[in-house]
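A.B. asks: pasting the sequence and the predicted coordinates here, then a few questions.
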Amino acid sequence: MSARTASVGPVTGDSEQVIETRGLTKHYGQVHALTDLDIEVGGGVTGLVGANGAGKSTLIKILLGLLEPTSGSARVLGHDIATEGEEIRRFVGYMPEHDCLPPDVSASEFVVHMARMSGLGASAARERSADVLRHVGLEEERYRPMGGYSTGMKQRAKLAQGLVHDPRLVFLDEPTNGLDPAARADMLRLVRRIGSDFGIAVLVTSHLLGELEQVSDHVVVLDAGHLLRSSATGDFLERTGSLLVEVVGGTTERDRFGEALAAAGLTCRPRGTAIAVEPAPDGLSVHDLVRDTAADLGLGLMRLQPDRRHLEDVFLDDAPAAAAGGSRG
Amino acid sequence: MAEQRAGVIHDLGYRHYDGPREGVATIARTLYVTGLRHAFGLGRSGKSKILPFLLLALCTLPAAIVVGVVTIVGLSELPLTYAGYTNQVQLLISLFAAAQAPVLFSRDLRHRSIVLYLARPLPAYVIALTRWASLATALLVFSVLPLLVLYTGGLLAGLDVGEQTTDLLKALALLLLVASMLAGITGFISSVSLRRGFAVVGSIVALVVVPGVVTAVQAITSEEDADQVGVVAGLASPWSLTNGLASAWEAGVTVFTPPAGGWVVVYLAVAVLVAAAGLAAIVARFLKVGSQ
């Protein structure tokens, strides 16, 4: 790794960093939640990955000004967390990990109230709430008390209150927690949209790398309060930029294809019904080679995609190194 | 044409908000008004309105009856003073405070929606102060309303304006103290014991049981010619403080062991201190929750 500080570039036109931390440290007595953290986060969607207890929620609370860091400093939207918390909280949205909805109020009423607590006037609050509830996909149920909501609906309501004041940056703490696969996919799509269509910078946490790979432009990996890595999602994949290729047919076709690719100078391994193609030596275009080989053999290409396992592989490869070199404890 | 368009949902896409954003003072005022309404169940479910309004009716009805009697019989003065009236309905005021404080202080903490407030511009101590102000105002409205009925009815019945106004002002000063103390005590209890049941029971102990014990002690000490002990005991509850002051100010309340001389100042100081301590405890509680 080149440096502890890795800049993750913005995807929007806005060149300003939305989050910047310098030597951010938080200790609870003997427990070191965050240690000397230097992070820069730009626009778009940034994934914050780490196991439970890696310091993700602590970082968010410090950035919101709800917790005071033991040492170090941070700027959010250009404001200092130590002195300009009020200004930060005016333009930041927060969706906590835990349940935080009063059960006896409807989502509609609650989101309007939260909009007003962010400083919107009565009519603007109503208008924005209706808009945002529609965007997160709460339809008629928005008029029912939230106590009767499913986990998916609760997550949507929590997200709506975090977006209702049109923040410039939103912290989403484990938004897919407790959701079934379909609801999870919906939520991830929504997170993606917030970052791209809505133009709101997103810092989203998860302990599942696969999820963040789907929605994030950048990934910041925390391990026990240390920064493990921070870079664009693509970089993670490029490092070990393997491809997963599958052709129509059974193992016979797979093996024929694999041998042909190997003959053409690629390193291949069978994996299930597919073939994992290792990164090619310089000057060799893997995609073209795969296509041409398939055409030559008369095989139908069924799948050609980056090997998704590798984001996790990178994480696993890095973890022991950082643990050994880190000054934890 | 219109029919064709009827079923179409036009997705306008995400729209940004570039309108005004209010400052802390305006947001706090909004929270204050919402809290005040919620204390009476307004803007909440129909069920939540029953208790506050039932208590309010019970508290006000006797005043209306008194006014009726004064008008019909043609009395030259009210059968009881304003402070005396408050003294008679003190149980209802206590119940209102005990029942409604959890609405303002337990809900946000129990359901952890407090985190959503804290992630917004209002600082924790402003939220705590605003909540306290909402409850104190609700208590003031609750306890002053029957007095206004008495006052208006009394004046319409032709009672002496100067006399009635002086009496009312004494009662209002006392109620200001009562509301501040009760909001501080019940607010703090509700922000610590988040289960509504525990909060209500705790508040009733502080506002009904303890004053009852104090009154008993005062009755005994007055009987045993140990008045001084009774006066000191009066410092132990918000109601005995209030009633002691009312008696010292000749507002029409009699207590077994009335404070006199320097004790009046002590009573007043302790009352203010109780209110301030309750308020400070609430603020401390919110600040602690905010940093969790």
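C.D. replies: Arrived safely. Residues are numbered from 1 along each chain as shown, chains lettered A, B, ... in the order given.

A.B. asks: for the helix or strand where B:Leu172 lies, enumerate the helices and strands it packs against.
C.D. replies: Using DSSP states H and E, B:Leu172 maps to helix B:161-192. On a contact count with 3 or more Cβ pairs under 8 Å, 6 or more residues apart in numbering or on different chains; DSSP states H and E, helix B:161-192 meets helix B:82-88, helix B:90-105, helix B:124-156, helix B:196-204, helix B:238-248, helix B:262-290. C-beta coordinates here come from the backbone N, C-alpha and C atoms, glycine included.

A.B. asks: mind listing what's buried in the shortest one?
C.D. replies: Okay, so that is helix B:82-88. For helix B:82-88, a neighbour-count test (16 or more other Cβ atoms under 10 Å in any protein chain shown) marks B:Tyr82, B:Ala83, B:Gly84, B:Tyr85, B:Thr86, B:Asn87 as buried.

A.B. asks: and A:His27, which of the three is it?
C.D. replies: Secondary structure state of A:His27, per DSSP: H, G, I helix; E, B strand; the rest coil, is strand.

A.B. asks: what about it, neighbour count?
C.D. replies: Counted with other Cβ atoms under 10 Å in any protein chain shown, residues neighbouring A:His27 total 14.

A.B. asks: which ones are touching the closest residue to it other than its chain neighbours?
C.D. replies: Spatial nearest neighbour of A:His27, excluding adjacent residues (Cβ to Cβ, 6 or more residues apart in numbering or on different chains): A:Thr70 at 4.7 Å. Contacts for A:Thr70 (Cβ atoms under 8 Å, 6 or more residues apart in numbering or on different chains) come out as A:Thr25, A:Lys26, A:His27.

A.B. asks: equivalent analysis for A:Ala201, please.
C.D. replies: So A:Ala201 contacts A:Thr12, A:Val18, A:Val41, A:Gly42, A:Gly43, A:Gly44, A:Val45, A:Thr46, A:Arg168, A:Leu169, A:Val170, A:Gly195 (Cβ under 8 Å, 6+ apart).

A.B. asks: for these, which single residue is the most surrounded?
C.D. replies: Neighbour counts for the contacts of A:Ala201 (other Cβ under 10 Å) peak at A:Thr46, which has 31 neighbours.

A.B. asks: I figured that one hits A:Val219, correct?
C.D. replies: Yes. Using Cβ atoms under 8 Å, A:Thr46 makes contact with A:Val219 at a distance of 7.3 Å.

A.B. asks: A strand includes A:Arg75, no?
C.D. replies: Yes. Under three-state DSSP, A:Arg75 falls within a strand.

A.B. asks: once you drop chain neighbours, what's closest to it?
C.D. replies: Closest to A:Arg75 by Cβ to Cβ, 6+ apart is A:Glu20, at 4.6 Å.

A.B. asks: so, low pLDDT: which residues of chain B?
C.D. replies: B:1-12 (pLDDT under 70).

A.B. asks: find the residue at the geometric middle of it.
C.D. replies: B:Leu139 (2.5 Å; Cα atoms, centre = their mean).

A.B. asks: do the same with chain A
C.D. replies: A:Gly47 (2.5 Å).

A.B. asks: secondary structure class for that residue?
C.D. replies: From three-state DSSP, the assignment for A:Gly47 is strand.

A.B. asks: pretty sure it sits against A:Val220.
C.D. replies: Yes. Checked against Cβ under 8 Å, the pair A:Gly47 and A:Val220 is within contact range at 6.9 Å.

A.B. asks: mind listing what B:Ala276 touches?
C.D. replies: Taking Cβ under 8 Å, 6+ apart, one finds B:Gly184 in contact with B:Ala276.

A.B. asks: how near is it to B:Ala28?
C.D. replies: Plainly put, B:Ala276 is 20 Å away from B:Ala28 if you go by Cβ to Cβ, to the nearest Å.

A.B. asks: kindly report the same for A:Leu208.
C.D. replies: Distance from A:Leu208 to B:Ala28, by Cβ to Cβ: 40 Å.

A.B. asks: between those two, which one's more packed in?
C.D. replies: Shown here are A:Leu208 and B:Ala28; by other Cβ under 10 Å, B:Ala28 has more neighbours (20 against 15).

A.B. asks: point me to the helix or strand that includes the more buried one.
C.D. replies: Counting by DSSP H and E, the element that carries B:Ala28 is helix B:24-39.

A.B. asks: picking up where we left off before, contacts for the helix or strand containing the residue nearest to A:Arg75?
C.D. replies: Per DSSP H and E, A:Glu20 falls inside strand A:19-28. Residues outside strand A:19-28 that contact it (Cβ under 8 Å, 6+ apart): A:32-41, A:55, A:58-59, A:62-63, A:67, A:69-76, A:169, A:203, A:225.
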